[in-house]
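*Asks:* Below are the sequence and a predicted model for it; my questions follow.
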Amino acid sequence: MHRKAEEEADTGVVSATTTTQRGAAWAWQTPDGLTVPTTRSIAGRSLLGEWRAAVDAREKAAGGELVHALLEDAVADVPAARAVRDSTGELSYRRLDELSHAFAHWLRAHGVGRGDRVLVQLPSRREQVAMLYGASRCGAIFVPVNPGMKEFHLTSVLGNAEPTLVITSGAATGRLRGLASVPVHDLASIWPEVEALAVQGLPAVTADVRPDDVAVLVYTSGSTAAPKAVVCPHAQVTFASRAINEVLRYRPDDVVFCRFPLSWDYGLYKVLLCCLGRCEIVLAGEESDLLLLRRMRETGATVVPIVFGSSARRSASASRSCHRSWTGSGRSRSAARCPGPRCSSWIRTGGRCRPARSARSW
């Protein structure tokens, strides 16, 4: 087999210029770069179904989508499936959708409209996911802020974002009331109101939300200067989510263990990727570092997004029983090249998929 065929066999793609056949299937490259399968499957995967899904995703992305439309699609497909879990509870896709509608109504009742900013400083919790989609529904701009942000930086963010209202919890409520000139609400006080609205069966909030409207402002940490906002419109957020998912291929049987705060784009996008994959995300932002490996096993985690460092190498080496893959920020090869769920740990990072045992040598 010549070099081109070897390279394509390694990536799992067989093109029309190759004389190699993989299993019982052939594929070719279309002018726009799509890989088109001609028969049923390779290694048990429906290639034609995957190709059609990729075409549908590109067509949707080309027209521009809204962030909450991702949730609506998931609810239509898997309403009873578990969507999000944290240390105190869980939500199905149907319940997450209901709470997002209720939160949109709550925002409207408190004077929030299209283009208004809603600043949220909370640990990674399931309520925050409902807030993301609810803000999107009424055209508001979701502004997640790291709970650990220092007062100096927080003052800068409040002045820059100019929120209509702020939501936080616990002791941070009093601190923020001293910094902000707008209403500051404690999650413990408002969430019973949101849950009460969710059982009323209210119609969807009507809002003229457009794909080029801003969906989220993600602020930098401020480690080298004042925090700066990254402006994230609906169309770009949904396009990027679908593009990433074409590579990572989260699937319905995945449980994604997310340690990152939703105030960081890496954590926020994991929520959207899980929605696209119809799978579950476990928000572990409040978990003790000493309990993480145990929690991964308890939750049945199959995917662990990490940023590689010495601690990540130790975790990857120590955990060998339950993970389909560990994902870094690099390009990933097809999940079909990794073992299946709950097998020996593999680490996916920088475009390569490696056994966890090799982490010791990195």
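*Replies:* Thanks, I have it.
*Asks:* Secondary structure element holding the closest residue to Ser100 other than its chain neighbours?
*Replies:* Closest residue to Ser100 apart from its sequence neighbours, by C-beta to C-beta, 6 or more residues apart in numbering: Tyr133 at 3.7 Å. Bear in mind the C-beta positions are built from the backbone N, C-alpha and C, glycine included. For Tyr133, the host element (DSSP states H and E) is helix 126-137.
*Asks:* tell me which residues of the helix or strand just after that helix are tucked away?
*Replies:* Scanning forward in sequence from helix 126-137 by DSSP H and E, the next helix or strand is strand 141-144. Buried positions in strand 141-144, judged by neighbour count with 16 or more other C-beta atoms under 10 Å: 141-144.
*Asks:* do stretch 184-191 as well
*Replies:* So stretch 184-191, judged by 16+ other C-beta under 10 Å, has buried residues 184-187, 190-191.
*Asks:* picking up where we left off before, ok, the residue nearest to Ser100 touching Leu71?
*Replies:* Yes - assessed by C-beta atoms under 8 Å, Tyr133 is found in contact with Leu71 at 5.0 Å.
*Asks:* Give the residues shared as contacts by those two.
*Replies:* Common neighbours of Tyr133 and Leu71, counting by C-beta atoms under 8 Å, 6 or more residues apart in numbering, are 96-97, 100.
*Asks:* Most neighbours out of those residues, which is it?
*Replies:* Ser100 (27 neighbours; other C-beta atoms under 10 Å).
*Asks:* So it lies in a helix, does it not?
*Replies:* Yes - counting by DSSP: H, G, I helix; E, B strand; the rest coil, Ser100 is located in a helix.
*Asks:* Look up how far Tyr93 lies from it.
*Replies:* According to C-beta to C-beta, to the nearest Å, Ser100 and Tyr93 sit 10 Å apart.
*Asks:* residues shared between the contacts of those two?
*Replies:* Leu71.
*Asks:* can you redo the shared contacts of Tyr133 and Leu71 as JSON lines with distance to Val256?
*Replies:* Shown next, in JSON lines, are the shared contacts of Tyr133 and Leu71 (distance: C-beta to C-beta, whole Å):
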{"residue": "Leu96", "distance to Val256": "15"}
{"residue": "Asp97", "distance to Val256": "19"}
{"residue": "Ser100", "distance to Val256": "19"}
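*Asks:* need these in JSON lines with pLDDT and distance to Ala171, can you?
*Replies:* Formatted as JSON lines, the shared contacts of Tyr133 and Leu71 follow (pLDDT from 0 to 100; distance: C-beta to C-beta, whole Å):
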{"residue": "Leu96", "pLDDT": "98", "distance to Ala171": "28"}
{"residue": "Asp97", "pLDDT": "98", "distance to Ala171": "32"}
{"residue": "Ser100", "pLDDT": "98", "distance to Ala171": "27"}
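*Asks:* which stretches of the stretch 251-362 of the chain have low pLDDT?
*Replies:* Counting by pLDDT under 70, the stretch 251-362 of the chain has low-confidence residues at 287, 307-362.
*Asks:* what do you get if the cut-off is 50, keeping everything else the same?
*Replies:* Applying pLDDT under 50 to the stretch 251-362 of the chain flags the ranges 310-322, 329-362.
*Asks:* For Glu90, grab phi and psi.
*Replies:* phi -150, psi 160 (degrees, to the nearest 10).
*Asks:* Hmm, Arg82 and it touching each other?
*Replies:* Yes - when contacts are counted by C-beta under 8 Å, Glu90 is listed as touching Arg82 (5.6 Å).
*Asks:* out of the two, which sits in the more crowded spot?
*Replies:* Per other C-beta under 10 Å, whichever of Glu90 and Arg82 has more neighbours is Arg82, with 17 against 14.
*Asks:* Return the residues in contact with the closest residue to the more buried one other than its chain neighbours.
*Replies:* Once flanking residues are discounted, Arg82 sits nearest to Glu280: 4.6 Å by C-beta to C-beta, 6+ apart. By C-beta under 8 Å, 6+ apart, the contact set of Glu280 is 81-85, 254-256, 274.
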